[in-house]
Every structure is written in structure tokens, then in C-alpha cells.
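*Asks:* Everything below, folded, please.
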Amino acid sequence: MDNSRCKALVECADRGSVTAAAEALGYTPSAVSQLISGLEDELGLKLLIRSSKGVRLTAEGQAIMPKVRNFLAREKEIYQTADELRGVVSGSLSLAVYPSVAITWLPEIVRSFKNDYPGIHIDIMEGIRSDIYSNLNQNKADLAILTYCDPMPYEWTPLCDTSVVAVLPEDHELAGLSEFPIAECENYDLIIGSWGKEQEILNIFDKYDLHPSIRYTTYDTPATLAMVRMGLGISLVNELSSRVWNEHLVKLPLDPPENVTFGIAITSSEHMTSAARKFIGYALEFFK
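*Replies:* Reported below is the predicted structural model:
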């Protein structure tokens, strides 16, 4: 199977446009269309639906896309292994991480890694848990750094624990406490990230059989903290995420205390690229 045809299909599916795919690949739109047509002829399937709004995968295209991404990922492994055998360290590495990781721990880890492997191109994809899972499942990410949540559908390497804190407006009636009683969550409007599906926080509520009023949901922590600051409610977040904003907020440890574990998730150690394997070593060293 021609890898250029597969790459054309992936870019068209991801970007929803033949023209955008052509720009990303450095081809003309006509050349991309020919590559897609060639792949459709080779497989005997219609893979893309073309319209005035762009392109999208057919049902057959959706079914075959995970295999196409897997094929390209295995191809990347082969080339990186060949580079290593020749004594050349090059290639690419894609990391899916929380925004909080991207602005705290990650830059220092990447700097150390790039000092030793300057030839490896690194892509950093920030997102919430559902985004990260999607990037791993579609082979867009070589590895992910996120918090552990049961069930964990990937191979897992723990890195460190961080506490969960309650975030309150500075004028909140409980702002003067030294600790925030978890049971108090039921008495105030709550703001939760990840569109209300921040599972590590929801698991805490389940653990203590709490049923708080989740009044607002946001995409990620900065939006959550901004709404808390405006007095719209309170929130529970992991301490790392809470570092992005400090003004006019009070952050209290929980009573009883709760922690979450950050770590690295990969789909398969057997198929991990050499760049990903090396990067994990640098991450482990950082957290020593």
C-alpha cells in the first residue's frame, strides 16, 4: 500500500478539505485528489464524500481509518529504528497532554530531551481527557501525560501525585478555613471542567456519596477558575491545574485529603517508537 495515499486520506479526514490537505502535504489539490482516487481504486471502496463544504469520510472510510493510522504509525517505527541502527537520531514525537502539564512540567522535560536529540521534531497537542484518548486511539499521539482514572485503557507509567484542592472566590464565606470539608460541596454551586466529565473529580464525589449541584461546566481549568473568580461557584481541581491563576482566588486542601496521580499512557509498548521510549526516560528522570 502506498503510504502517500494513506497520508492524503488522513490529512483530508482531519482537515475536512482537499485544499487544506494539499497545503499540509506540499502537494497540489489535484495531486491529493489523484492519491485518494488511487487508494479508493486499490481498496475497491469509496472513502471520501465530496461536497461544496469540503470532504468527509464515508462509513467505509471511517471503518478503515484506524487501520490506516496504524499502518502509518508502524511505518514511522521502521524508519526511526533504521535511523538508530545507522547512528542517526531523527524522526518525530507527538505528545498529548493537559494544558496544565504543557505550561508547567513539560517545557523543562522537552528542553532536556532536545539538548540530546535535536533532530527529533516534537508536536504537543493540548486537550482534556477525551481529546487525549482520541489522539491515542487514532495514533495521532505517541504518548500522553494525564491523570490516572479507573479504568485506564492504556499501558500506564506513574510519574507523581498531586493534591486536589478546592478553589473559592476570595470573598467566599469559607475562604478563611485552613481546609475545605469535602461534604461542603453539596452546599454550593459547583463548576466542573471537561464539559462536566472530569472523572477524577466525579470519582471523589462517588467515593463520599456526594451529590453536589453542578451548575456550570467548562472545557478546561482556566475557564473554570475565571468563573470561580467572578463568584459563580466553587470548584475542585488538581493542584497543578490550579497554578494557572492565583488572583482573587483562595485554594484550600481538602478534608479528608485527596490526590490524583499523573503519569504516561501509551497504547502499546511493543509498538512504541524509539523517540517515545527515550522521552519516557527523560520524564522519569525529571520526576526523580
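
*Asks:* What ranges in the stretch 1-150 of the chain fall below the confidence cut-off?
*Replies:* Within the stretch 1-150 of the chain, the set of residues satisfying pLDDT under 70 comprises 83-90.

*Asks:* who's in contact with residue 17?
*Replies:* 54, 55 (Cβ atoms under 8 Å, 6 or more residues apart in numbering). Yep, even glycine has a C-beta here, placed from its N, CA and C like the rest.

*Asks:* how about a cut-off of 6 Å?
*Replies:* residue 54 (Cβ atoms under 6 Å, 6 or more residues apart in numbering).

*Asks:* Now do the phi/psi pair for it.
*Replies:* Note on residue 17: its backbone torsions stand at phi -160, psi 130 [degrees, to the nearest 10].

*Asks:* For residue 33, see how far away it is.
*Replies:* 12 Å (Cβ to Cβ, to the nearest Å).

*Asks:* distance between stretch 237-245 and the chain's centre?
*Replies:* Centroid separation for stretch 237-245 versus its chain: 17 Å, with Cα atoms, centre = their mean, to the nearest Å.

*Asks:* Show the average pLDDT along that stretch.
*Replies:* What stretch 237-245 shows for mean pLDDT is 88.

*Asks:* Ends of it, what's the gap?
*Replies:* Distance across stretch 237-245, first residue to last, is 12 Å (Cα to Cα, to the nearest Å).

*Asks:* Please apply the same query to stretch 235-242.
*Replies:* This stretch, stretch 235-242, spans 10 Å end to end (Cα to Cα).

*Asks:* Pull the residues that contact that stretch.
*Replies:* Counting by Cβ under 6 Å, 6+ apart, 100, 104, 162-167, 191, 201, 221, 224, 228, 251, 260 sit against stretch 235-242.

*Asks:* Repeat the analysis, applying 7 Å as the threshold.
*Replies:* 100, 104, 147, 162-167, 190-192, 201, 204, 221, 224, 228, 251, 260 (Cβ atoms under 7 Å, 6 or more residues apart in numbering).

*Asks:* Filter those down to just the ones in helices.
*Replies:* 100, 201, 204, 221, 224, 228 (DSSP state H).

*Asks:* Please identify the buried residues of whichever strand or helix holds residue 7?
*Replies:* Using DSSP states H and E, residue 7 falls within helix 3-15. Within helix 3-15, the residues scored as buried using 16 or more other Cβ atoms under 10 Å are 5, 6, 7, 8, 9, 10, 11, 12, 13, 15.

*Asks:* What residues are bridge-paired with the residue nearest to residue 268 when sequence neighbours are not counted?
*Replies:* Excluding the flanking residues, the one nearest residue 268 by Cβ to Cβ, 6 or more residues apart in numbering is residue 155, at 6.8 Å. Beta-bridge partners for residue 155, by DSSP bridges, are residue 266.

*Asks:* Now do the SS call for the residue nearest to the spatial centre of the chain.
*Replies:* What sits nearest the mean C-alpha location of the chain, by Cα atoms, centre = their mean, is residue 132, with 2.9 Å. Look at residue 132: counting by DSSP: H, G, I helix; E, B strand; the rest coil, its state is helix.

*Asks:* I figured it was touching residue 95, is that so?
*Replies:* No. The criterion here is Cβ atoms under 7 Å, and residue 132 misses it with residue 95 at 9.8 Å.
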